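*Asks:* what shape does this take:
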Amino acid sequence: MSAPPTVVTCPDCAGTGCPRCRWRGRRRAQLLLTVANRDTGAVASHRVTPGDLDPRPDPAGGGVADLTPRVRDLAATVAATLDPDPLLVRLPPAWRPDLPGPDRCALAAQALAEAARRPWRLWLGGSTAPSPVDPDSRLARLCGLADLLLLDLVVTARRRGDRLHWTVRYDVPGSPAVSGPVVGSPDLATALVRTDAAEALTGLADRGLTAPARLLGPDRPCPATSPVGPRSLPTAGAVEEVERRVAASAVDSVDGSDWPGAQAVWRDCRWWHTGLHAAVDRISCAVGRRAGVPLGRVAEPPAPARLGDAVPGRPCPDCRPESRPRACRCVTAGRADHDCARCGGTGRQRSALRCATCGGTRRLHRAVLVTLTDLRHRVVHLTWQAGTPEVTCGVAITPGGRSVVVRLPERYRLGAWAAVLGVRPEDLAEADGGHEIPRDLRDGYVTLPWPGADPVGEYVREAGRGLPAARLLVTAVRPDVPPLAEVIRLVVGLDLALHVSLLDLRQHTGHPLRADGRYWSVELQARDAPVHPDDLPTRPTLAGAIEECLTHLADDLAGLVPADPEEPLPVPCSPAREPVADPTHALVRLAAEHAGRAVTVRFTRAGHTAFRHDDDAVRRVELPCVV
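*Replies:* Numbers count the residues shown, from 1 in each chain. Predicted coordinates:
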């Protein structure tokens with residue numbers, strides 16, 4: 001019998017070429033499984049081909065091949081403790097165990113090519129098992145932090161078929177219930193294990209852009225302290241109780257039919273339970289099961305007690321969200337896909353670009369509620385309101401002399417609050433996405449467009465653009481990342497290259513119109529990838545650059561797979577080894593010698609090389625000491 005095929009015709013374009021196959025008309029029917037031990041640097045890999053699949057019949061039709069045991073075998077090879085999620089390859093419905101061998105192999109290749117949309121899968125594990133996450137304890141911590149941050153903790157269960165899929169997230173009060181495709185975990189306990197505070201904050205801005213903005217109200221006691229009020233934070237067994245109540249809320253109490261989903265909202269120290277219905281069709285809930293139809297709550301919780309009056313402001317004069325709809329790309333032959341998540345089956349889609357004036361909030365707010373937190377128990381709330389008289393000092397004049405840069409008092413400088421929370425100003429980041437805090441906000445600089453302009457008003461206008469409910473949430477957390485030497489050892493074990501760059505701009509310290517300090521980047525690259533002169537570092541700390549590299553490691557690996565499907569995937573393997581010498585101090589000295597120019601050190605199995613970035617090229621330089 002001939003060997004099973006490892007390349008198939010692209011099913012999306014039938015061989016004519018499309019973005020999925022990089023316009024080649026063919027796709028690779030291979031998967032690369034890699035497990036690395038963070039503590040020892042050992043790496044083991046296995047290349048899965050159609051002949052390696054051992055599918056079993058699937059009750060839903062077709063077959064399914066479980067690759068999870070192979071991942072566990074690789075983890076045992078490198079002595080890494082790993083509990084991977086199931087890795088399943090589902091074969092087409094035409095697959096049957098009694099088909100002729102060539103037909104089974106062809107269908108297996110087709111299924112593997114579909115699974116190989118992410119062809120390189122990497123798992124990182126340690127020599128010892130991490131402490132298990134207790135779902136009840138995590139739920140209690142998330143609820144407590146929600147009370148401190150004045151946010152809602154929202155537990156959502158959405159129905160797909162006969163199963164509920166669970167998500168846990170933070171929302172600003174007044175955010176829409178939910179929209180988009182049905183995703184989530186099979187149960188609430190699993191969703192809590194996968195969701196820490198930082199993950200629950202992800203997407204907060206997108207979900208709450210149109211939520212009503214309210215100022216911080218008078219400090220009222222939590223309702224849990226009242227003798228007739230609801231109970232306090234969840235305790236042991238709370239996860240099962242919340243899951244049971246949400247599942248019960250997903251059933252219409254009137255006629256017993258199924259809602260598209262349900263929610264539990266933790267607000268004002270208690271749970272509020274409600275079903276979800278299709279927001280565009282209150283009669284038929286079947287529409288709400290479609291991925292593109294937004295869902296609304298059957299009953300809204302009472303307004304939060306600790307938020308007071310509405311933030312003053314006015315409608316955005318430049319925002320016209322209802323105008324100029326464009327045709328959705330789901331329209332073919334003049335007909336729209338009724339399940340499209342972008343247009344909801346209408347065939348017309350609003351522009352994806354947000355208004356440059358308001359950032360998509362549709363209002364210009366005259367106040368911003370700033371919240372700084374360490375994501376544990378320390379929180380600082382600040383209110384910046386336009387029109388507040390403040391004593392400022394002029395620090396610079398813009399080129400041409402048309403505008404003046406002034407500096408606001410310390411209560412407007414986020415960097416000054418970093419010490420209160422025990423971190424450096426460079427460690428401050430936006431809670432949603434972890435983006436760097438702009439220097440203007442960190443140091444309190446504001447440019448006045450004309451003499452006599454309100455400095456606080458201009459500051460609020462710049463800071464408040466695109467914020468959900470005029471809320472600026474800032475995390476003050478030092479990234480928990482491994483040392484740079486361990487990251488280099490990991491990348492070398494994967495037989496790839498690591499580019500570590502540094503730009504020293506400390507000569508600009510104190511100049512409000514120019515970037516200052518040090519900027520880092522840590523990037524995964526192919527083994528033979530060159531250093532480009534326009535690849536400049538942007539992160540203010542090395543730890544932040546390492547965190548960004550590890551966060552996007554899986555996506556970066558997918559981009560390093562050979563484009564030609566005929567070229568087999570590599571199979572990196574490496575024994576345990578000691579970390580390389582820490583190059584941080586040498587890189588800092590090298591950057592100081594070339595201040596104002598970015599320098600990059602490239603690490604591979606062959607060694608390391610250093611480069612300086614010039615205007616249109618890079619040139620080789622020597623490190624000041626041996627790495």
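*Asks:* which residue ranges of the protein form helices?
*Replies:* 68-77, 101-115, 135-149, 188-194, 197-201, 204-207, 238-249, 414-418, 439-443, 455-464, 484-493, 542-551, 553-559, 584-593 (DSSP state H).
*Asks:* got the CA coordinates for the fifth one in CSV?
*Replies:* The C-alpha trace of helix 197-201 is given here as CSV (Å, rounded to 0.1, in the frame of the first residue of the first chain):
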residue,chain,number,x,y,z
ALA,A,197,-8.6,38.3,37.0
ALA,A,198,-6.5,39.5,34.1
GLU,A,199,-8.2,37.2,31.7
ALA,A,200,-11.6,38.2,33.0
LEU,A,201,-10.8,41.9,32.2
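*Asks:* neighbouring contacts of it?
*Replies:* 141-142, 145, 153, 168-170, 375, 431-432, 434, 473, 475, 477 (CB atoms under 8 Å, 6 or more residues apart in numbering). Any C-beta I mention is one placed from the backbone N, CA and C, and that applies to glycine too.
*Asks:* now do residue 368 against residue 316, distance only.
*Replies:* With distances taken as CB to CB, to the nearest Å, residue 368 is found 16 Å from residue 316.
*Asks:* what about the two, which has more around it?
*Replies:* Neighbours per residue (other CB atoms under 10 Å) separate residue 368 from residue 316, with residue 368 holding more: 24 against 17.
*Asks:* pull the helix or strand with minimum mean pLDDT from this protein.
*Replies:* Every helix and strand in the chain was compared by mean pLDDT, DSSP states H and E; the lowest is strand 326-327, with a mean of 64.
*Asks:* re the thing from before, would you list the buried entries among the contacts of helix 197-201?
*Replies:* The neighbour count (16 or more other CB atoms under 10 Å) marks 141-142, 145, 153, 168-170, 375, 431-432, 434, 473, 475, 477 as buried among the contacts of helix 197-201.
*Asks:* okay, the residues you listed in CSV with distance to residue 127 and pLDDT next?
*Replies:* Converted to CSV, the buried ones among the contacts of helix 197-201 look like this (distance: CB to CB, whole Å; pLDDT from 0 to 100):
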residue, distance to residue 127, pLDDT
141, 27, 94
142, 30, 95
145, 31, 95
153, 35, 96
168, 30, 97
169, 33, 96
170, 34, 97
375, 27, 93
431, 32, 94
432, 34, 92
434, 28, 87
473, 36, 96
475, 30, 96
477, 26, 93
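*Asks:* from these, which single one is nearest residue 448?
*Replies:* Set against residue 448, the nearest of these by CB to CB is residue 473 (27.0 Å).
*Asks:* okay but the closest one is in contact with residue 205, surely?
*Replies:* No. In terms of CB atoms under 8 Å, residue 473 does not count as a neighbour of residue 205; the distance is 9.1 Å.
*Asks:* find residues that contact each of these two.
*Replies:* Taking CB under 8 Å, 6+ apart as the criterion, residue 473 and residue 205 both touch residue 432.
*Asks:* isn't residue 616 up against residue 532?
*Replies:* No. Using CB under 8 Å, residue 616 is not in contact with residue 532; the gap is 10.5 Å.
*Asks:* comparing these two, which residue is more hemmed in?
*Replies:* More crowded of residue 616 and residue 532, by other CB under 10 Å: residue 532, with 14 against 7.
*Asks:* give me the nearest residue to that one, chain neighbours excluded.
*Replies:* The spatially closest residue to residue 532, leaving aside those adjacent along the chain, is residue 618, at 7.4 Å (CB to CB, 6 or more residues apart in numbering).
*Asks:* pLDDT score assigned to the one you found?
*Replies:* pLDDT, residue 618: 92.
*Asks:* cool, and the one 4 residues further on?
*Replies:* According to the prediction, residue 622 has pLDDT 86.
*Asks:* neighbours around it, how many?
*Replies:* 8.
*Asks:* neighbours of the residue lying closest to it once chain neighbours are set aside, how many?
*Replies:* In this structure, residue 622 finds its nearest non-sequential neighbour in residue 610, 6.6 Å apart by CB to CB, 6+ apart. Around residue 610 sit 22 other residues, with neighbours defined as other CB under 10 Å.
*Asks:* which residues touch residue 610?
*Replies:* 590, 599-602, 620-623.
*Asks:* contacting residues for residue 274?
*Replies:* Residues near residue 274 by CB under 8 Å, 6+ apart: 249, 262-263, 265, 297-301.
*Asks:* now those residues: which count as buried?
*Replies:* Looks like the contacts of residue 274 have 249, 262-263, 265, 297-298, 301 buried, using 16+ other CB under 10 Å.
*Asks:* correct me if wrong: residue 38 contacts residue 128.
*Replies:* No. Contact criterion CB under 8 Å: residue 38 and residue 128 do not qualify, at 10.5 Å.
*Asks:* between these two, point out the one with more neighbours.
*Replies:* When residue 38 and residue 128 are compared for neighbours, residue 38 comes out ahead with 17 against 9, by other CB under 10 Å.
*Asks:* one step back: export the contacts of helix 197-201 as CSV, with columns for distance to residue 359.
*Replies:* What follows is the contacts of helix 197-201, written out as CSV (distance: CB to CB, whole Å):
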residue, distance to residue 359
141, 31
142, 27
145, 26
153, 25
168, 26
169, 21
170, 20
375, 25
431, 16
432, 13
434, 19
473, 15
475, 20
477, 25
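*Asks:* re the thing from before, quick check, nearest of the contacts of residue 274 to residue 78?
*Replies:* residue 263 (41.9 Å).
*Asks:* which strand residues bridge the residue nearest to the closest one when sequence neighbours are not counted?
*Replies:* Closest residue to residue 263 apart from its sequence neighbours, by CB to CB, 6+ apart: residue 156 at 5.1 Å. In this entry, residue 156 is beta-bridged to residue 167, residue 263, by DSSP bridges.
*Asks:* what about residue 156, distance to residue 19?
*Replies:* 32 Å.
*Asks:* pick out whichever of the two has more residues nearby.
*Replies:* The neighbour comparison of residue 156 against residue 19 (other CB under 10 Å) goes to residue 156, with 23 against 8.
*Asks:* gap between the more buried one and residue 166?
*Replies:* Applying CB to CB to residue 156 and residue 166 gives a distance of 7 Å.
*Asks:* next, show the common contact partners of those two.
*Replies:* residue 184.
*Asks:* contact partners for residue 595?
*Replies:* By CB under 8 Å, 6+ apart, the residues touching residue 595 are 504-507.
*Asks:* go with 6 Å
*Replies:* Residues in contact with residue 595 (CB atoms under 6 Å, 6 or more residues apart in numbering) are 504, 507.
*Asks:* can you read off the pLDDT for it?
*Replies:* 93.
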